[in-house]
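[1] how would this look folded up:
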Amino acid sequence: MGTHKNERNKRISWFQDARFGMFIHWGLYSIPAKGEWIQSAEKISAEEYEKYAQHFKPDFFDPSEWARLAKRAGMKYAVFTAKHHDGFCLFDSKTTNFKSTACPAGKDFVKEYLEAFRKEGIKAGLYYSLLDWHHPDYPHFGDRHHPMRDNEAYRNRHHEFSCYLDYMHEQVRELCTNYGDIPLLWFDFSYGKMSGEMWRAKDLIKMVRSLQPNAIINNRLEASGESLGSLVLEDPPEYVGDFASPEQIIPKNGFLDNENNPIPWEACLTMNNHWGYVASDSTWKTSEQLIHKLVECVSKGGNMILNVGPDARGQIPKQSESILNEIGDWMQKNEASVYGCGAASIEKPEWGWYTRQGKNLYAHVLEAPIGPLYLSGLKEYNIKRMCLLRDESELRIASAWNTSLFPGEKFTSLAEPPEFTYPLPDPRDTVIRIELL
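    This is a model prediction of the structure:
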């Protein structure tokens with residue numbers, strides 16, 4: 001294994017133990033309440049968009065409550081949008097006045113977020129957009145995403161992109177210098193020719209590593225949610241990052257590099273259909289669905305970071321709060337099957353998923369069986385003990401008359417006699433801990 005991968009594996013060990021995080025998308029776009037891409041979607045000029053800054057004064061902003069909610073849900077880390085594509089900084093950057101400390105809000109939201117989440121013992125990371133639709137030297141006309149991409153008035157306008165890069169690098173330096181330990185930096189995102197060295201990525205990573213040597217970084221300095229970039233290579237460039245970041249999708253079997261070693265990854269998912277606050281979006285996923293997706297990610301060796309989009313007053317939507325509390329209720333009893341766990345290297349059972357930590361195998365039973373539960377894939381394993389994780393109640397290998405049809409296979413049951421059918425103790429996900437010899 002190469003030096004890069006050895007160093008990556010040391011940095012990222014806490015992340016792969018944590019498994020579950022909170023993404024927070026918040027900014028001026030919460031005022032029009034149509035998502036974080038509204039400026040691009042509606043082709044709003046920087047001058048017109050700036051007006052939202054004068055109305056951004058979130059009187060209900062309470063990062064301590066956000067942190068307590070994340071902790072109750074069982075989340076071990078968080079990522080907060082220090083700057084999104086619109087260029088508005090939620091920190092006190094010296095490079096611009098387009099920032100939260102220079103508008104009626106008058107607060108350094110990054111500082112307050114970091115303090116609150118650290119107090120709750122949650123590793124607090126930062127998101128930073130490489131794009132910037134406010135800066136005059138970021139390419140306008142013809143760019144794939146810029147709000148002025150089709151505006152003829154910008155066709156022949158000269159942009160000194162190197163000036164923008166100086167500006168962007170300095171803002172990253174500020175975040176890495178002025179706010180203490182930053183365990184995770186989440187860059188977003190590369191596209192087309194705007195990738196890798198177009199961002200002066202080698203210099204950027206060299207600076208970050210010098211200031212925050214333990215920070216882990218995603219792969220979007222050269223990729224987006226659509227690709228892995230150079231993470232698959234034996235000898236990748238310095239800016240490759242530490243983990244892949246598939247968006248709104250869970251990979252079929254995790255990811256492997258060209259040497260068949262697992263690549264660390266994190267699925268970033270929304271609770272409804274948007275990242276930023278959208279007042280009209282009521283397509284909420286259920287807590288049961290999201291528990292299943294978390295377990296699926298862990299069973300494939302990945303993480304899940306789940307988004308909240310606070311409104312313009314700083315409130316996390318009640319639906320999000322309710323979903324997270326329900327997830328937390330399940331996590332409280334079953335967290336051992338998530339934290340520090342990964343792929344079991346055993347075939348996926350039809351009724352759910354396996355996760356594993358050492359000799360502890362966790363069967364996540366999502367579908368009630370007819371009769372005894374078939375412990376698929378365990379024929380060649382010796383079992384020391386089994387119990388329901390939620391209450392440590394003992395389970396035994398089932399020896400029902402009908403299991404004789406399958407010699408050598410292993411079954412268990414919650415019913416007496418064991419061939420009876422039963423409802424699952426927890427219909428969301430009943431977890432059985434199986435101690436292997």
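[2] alpha carbons only for contacts and neighbour counts from here, please
    Will do.
[3] and V208, helix, strand or coil?
    Secondary structure assignment for V208 (DSSP: H, G, I helix; E, B strand; the rest coil): helix.
[4] where's it relative to N261, distance?
    Distance, V208 to N261, by Cα to Cα, to the nearest Å: 26 Å.
[5] so where do the strands sit in the protein?
    Listed in chain order, the strands of the chain (DSSP state E) span 20-24, 77-83, 123-129, 184-188, 216-217, 266-269, 303-308, 352-357, 360-365, 373-374, 383-388, 394-395, 411-412, 430-436.
[6] Could you tell me how far the first one lies from the centre of the chain?
    Taking the mean of its C-alpha atoms, strand 20-24 sits 5 Å from the chain's own mean (Cα atoms, centre = their mean, to the nearest Å).
[7] Contacts made by it with the rest, please.
    Strand 20-24 is contacted by residues 70, 74-81, 268, 294, 303-310 when judged by Cα atoms under 8 Å, 6 or more residues apart in numbering.
[8] switch to 6 Å and redo it
    75-80, 303-309 (Cα atoms under 6 Å, 6 or more residues apart in numbering).
[9] okay, it in PDB with CA atoms only?
    This file holds the C-alpha atoms of strand 20-24, laid out as PDB (Å, rounded to 0.1, in the frame of the first residue of the first chain):
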ATOM      1  CA  PHE A  20     -23.200   8.800  11.000                       C
ATOM      2  CA  GLY A  21     -23.100  12.600  10.600                       C
ATOM      3  CA  MET A  22     -25.200  15.800  10.200                       C
ATOM      4  CA  PHE A  23     -24.900  18.000   7.100                       C
ATOM      5  CA  ILE A  24     -26.100  21.600   7.600                       C
END
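[10] Give me the angle between it and strand 77-83.
    Going by axes from the mean of the first three to the mean of the last three Cα atoms, to 10 degrees, strand 20-24 is angled at 20 degrees with respect to strand 77-83.
[11] what lines up beside strand 20-24 in the sheet?
    Strand 20-24 has its sheet partners listed here by DSSP bridges as strand 77-83 (parallel), strand 303-308 (parallel).
[12] mind listing the helices for the stretch 251-400 of the chain?
    Assigned by DSSP state H, counting those that start in this stretch, the stretch 251-400 of the chain shows helices spanning 287-299, 318-334.
[13] Compare the ones you listed and give me the one nearest L175.
    Nearest to L175 among the helices of the stretch 251-400 of the chain is helix 318-334 (28.2 Å), distances taken as Cα to Cα.
[14] Convert the closest one to CSV, retaining C-alpha atoms only.
    Listed next in CSV are the C-alpha coordinates belonging to helix 318-334 (Å, rounded to 0.1, in the frame of the first residue of the first chain):
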residue,chain,number,x,y,z
LYS,A,318,-40.0,20.3,12.8
GLN,A,319,-40.2,17.4,10.4
SER,A,320,-36.4,17.0,10.4
GLU,A,321,-36.4,17.3,14.2
SER,A,322,-39.0,14.6,14.5
ILE,A,323,-37.2,12.2,12.1
LEU,A,324,-33.9,12.7,13.9
ASN,A,325,-35.4,12.1,17.3
GLU,A,326,-37.0,8.8,16.0
ILE,A,327,-33.6,7.7,14.6
GLY,A,328,-32.0,8.6,17.9
ASP,A,329,-34.6,6.4,19.8
TRP,A,330,-33.4,3.4,17.7
MET,A,331,-29.7,4.4,17.9
GLN,A,332,-29.8,4.6,21.7
LYS,A,333,-30.5,0.8,21.9
ASN,A,334,-28.6,-0.3,18.8
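[15] quick one: contacts of it?
    When contacts are defined by Cα under 6 Å, 6+ apart, helix 318-334 is touched by residues 72-74, 287, 390.
[16] Neighbour-wise, give me the winner out of the residues you listed.
    Within the contacts of helix 318-334, G74 tops the neighbour count with 26 neighbours, counted by other Cα atoms under 10 Å.
[17] any chance of the strands of the chain in CSV, with distance to M194 and mean pLDDT too?
    Output for the strands of the chain, formatted as CSV (distance: least, Cα to Cα, whole Å; pLDDT from 0 to 100):
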stretch, distance to M194, mean pLDDT
strand 20-24, 24, 99
strand 77-83, 18, 99
strand 123-129, 13, 98
strand 184-188, 11, 98
strand 216-217, 18, 98
strand 266-269, 22, 98
strand 303-308, 25, 98
strand 352-357, 38, 98
strand 360-365, 42, 98
strand 373-374, 51, 96
strand 383-388, 51, 98
strand 394-395, 56, 96
strand 411-412, 54, 96
strand 430-436, 45, 98
